[in-house]
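> sequence? don't have it. structure:
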């Protein structure tokens with residue numbers, strides 16, 4: 001690494017240590033670029049590069065013309081390696097889960113959905129749209145599709161409420177056994193709904209296909225987690 005890279009790392013590492021120690025609490029403003037430049041005896045471009053590293057890690061956010069601020073920790077943190085319901089992940093981190101259903105519609109799947117889900121083109125599914133909350137604050141918007149053949153003939157879509165995994169277990173006797181997922185970063189002003197939707201445009205999209213032990217698809221979900229309110233971790237082993 002060149003000397004400039006070494007200087008950037010020195011500034012970045014020092015600031016990360018301060019953040020970890022709580023010297024700079026969430027919401028507080030960092031010293032200005034000029035002040036940090038003088039403190040570390042480096043150029044302002046070096047300081048700016050170090051701050052970009054911290055911003056990429058989600059530790060700070062920069063408001064141009066205002067300053068750089070320490071971000072609030074996410075409301076919920078979950079491990080991607082575990083197949084838990086979102087409700088249980090929220091509860092496990094000490095928060096009260098909540099769910100608000102915006103719609104429940106029975107419809108034929110679209111051709112691209114059938115291809116992604118690996119189901120026949122004439123499959124009929126229940127589509128639901130949910131706002132997922134922690135302590136009353138929306139942390140994600142979810143679009144879910146479930147083949148209607150997993151439900152009994154007399155099933156009323158209005159009966160589906162709360163956690164989908166919980167409904168599967170208690171009402172249908174279905175236990176999701178494994179899932180295939182993809183993670184994407186999404187910027188959009190058209191993901192959510194309601195009065196709060198316009199305030200969010202950056203999301204972590206988790207696309208999942210859930211299967212039971214017989215390898216039958218029971219749920220296809222596209223869940224948009226609001227950046228900064230719900231974060232993921234991955235345990236990796238060598």
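Nice, thanks for sending it over. Values in this document were obtained by computation on a predicted structure and should not be read as measured data.
> How many residues are close by residue 28?
For residue 28, the neighbour count with other C-beta atoms under 10 Å is 10. Yep, even glycine has a C-beta here, placed from its N, CA and C like the rest.
> again with residue 21
Residue 21, neighbours per other C-beta under 10 Å, totals 8.
> Okay, it and residue 138: tell me how far apart.
Relative to residue 138, residue 21 is positioned 31 Å away (C-beta to C-beta, to the nearest Å).
> Give the residue spans of the chain that score low on pLDDT.
1-5, 73-82, 234-238 (pLDDT under 70).
> could you show me where the helices are in it, in order?
In the chain, the helices defined using DSSP state H lie at 3-21, 33-40, 44-56, 86-92, 111-117, 164-167.
> Kindly present those helices as JSON lines, with separate columns for distance to residue 101.
Conversion of the helices of the chain to JSON lines gives the following (distance: least, C-beta to C-beta, whole Å):
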{"stretch": "helix 3-21", "distance to residue 101": "38"}
{"stretch": "helix 33-40", "distance to residue 101": "47"}
{"stretch": "helix 44-56", "distance to residue 101": "35"}
{"stretch": "helix 86-92", "distance to residue 101": "13"}
{"stretch": "helix 111-117", "distance to residue 101": "20"}
{"stretch": "helix 164-167", "distance to residue 101": "10"}
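> Which residue ranges make up the domains of the chain?
3-70, 76-233 (automatic domain parsing).
> How far does the first one sit from its chain's centre?
Once both centres are worked out by C-alpha atoms, centre = their mean, to the nearest Å, domain 3-70 turns out to sit 25 Å from its chain's centre.
> same question, the longest one
Mean C-alpha position of domain 76-233 versus that of the full chain (C-alpha atoms, centre = their mean) differs by 12 Å.
> Residue 98 bridge partners, please.
residue 133 (DSSP bridges).
> wait, doesn't it sit right on residue 139?
No. At 9.5 Å, residue 98 does not count as touching residue 139 under the criterion of C-beta atoms under 8 Å.
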